[in-house]
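>>> fold the following, please.
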Amino acid sequence: MTAKQRYQQAHEKWFKETYPTAYADGHYAPPKYPITTKANGLTLYILNYINWMGYRATRISTSGRVVGGKYIYGQTRRGTADISATIKGRSCMFEIKVGKDKASEFQLKEQAKERAAGGEYYFTHSPEQFFEQYDEFLSRI
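Reported below is the predicted structural model:
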């Protein structure tokens, strides 16, 4: 099964469980497929899939903001992954890397901390790689 088929299948399962009457009445429509060659699209893809499967996933924003013309740095620790998830009771982090984007030293240190604490921290470049990581993670728990 392709990554796109798995994504659509997860959405249909979620919709059927969440809106059984609407599903039975034929009101189901497949989800819009995000542009996964861009970081925001791949992030949305992974968030949706994990949540549709009944687990927890949230996006983490590490950026700062401009207030009164002055930049204020974010309070999130450097190296924090883009997605924080809990899958079958285990912590699982996904750092999205698209194109030539590479892991920073802070991300590598955060990955080591997460793994030492019993969780997982993945660098994910595509939907196909996400499913490799996700399936491998599930096979160990």
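
>>> any chance you could map the strands in this structure?
Here the chain has its strands, by DSSP state E, at 56-59, 65-67, 70-72, 83-87, 90-96, 120-124.

>>> mean pLDDT and distance to D135 added to those, as JSON lines?
Every C-beta, even on glycine, is put in place using the N, C-alpha and C of the backbone. Listed next are those as JSON lines, based on pLDDT from 0 to 100; distance: least, C-beta to C-beta, whole Å:
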{"stretch": "strand 56-59", "mean pLDDT": "98", "distance to D135": "16"}
{"stretch": "strand 65-67", "mean pLDDT": "86", "distance to D135": "37"}
{"stretch": "strand 70-72", "mean pLDDT": "85", "distance to D135": "40"}
{"stretch": "strand 83-87", "mean pLDDT": "98", "distance to D135": "11"}
{"stretch": "strand 90-96", "mean pLDDT": "97", "distance to D135": "12"}
{"stretch": "strand 120-124", "mean pLDDT": "98", "distance to D135": "12"}
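
>>> which among those strands is found nearest to I50?
I50 lies closest to strand 56-59 among the strands of the chain, at 3.8 Å (C-beta to C-beta).

>>> paired strands for the closest one, with orientation please.
Strand 56-59 has the following sheet partners, assigned by DSSP bridges: strand 83-87 (antiparallel).

>>> buried ones in the partner strand, by neighbour count?
The neighbour-count check on strand 83-87 (16 or more other C-beta atoms under 10 Å) flags I83, S84, A85, I87 as buried.

>>> for stretch 72-90, same thing?
Neighbour counts over stretch 72-90 (16+ other C-beta under 10 Å) mark G79, T80, A81, D82, I83, S84, A85, I87 as buried.

>>> may I have stretch 126-135 exported as CSV, CA atoms only?
Listed in CSV are the C-alpha atoms of stretch 126-135, where the atom choice follows Å, rounded to 0.1, in the frame of the first residue of the first chain:
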residue,chain,number,x,y,z
SER,A,126,9.2,11.9,3.3
PRO,A,127,5.9,10.1,3.9
GLU,A,128,7.5,6.9,2.9
GLN,A,129,10.3,7.3,5.5
PHE,A,130,7.7,8.3,8.1
PHE,A,131,5.9,5.0,7.6
GLU,A,132,9.2,3.1,7.8
GLN,A,133,9.9,4.8,11.1
TYR,A,134,6.3,4.5,12.4
ASP,A,135,6.1,0.8,11.5
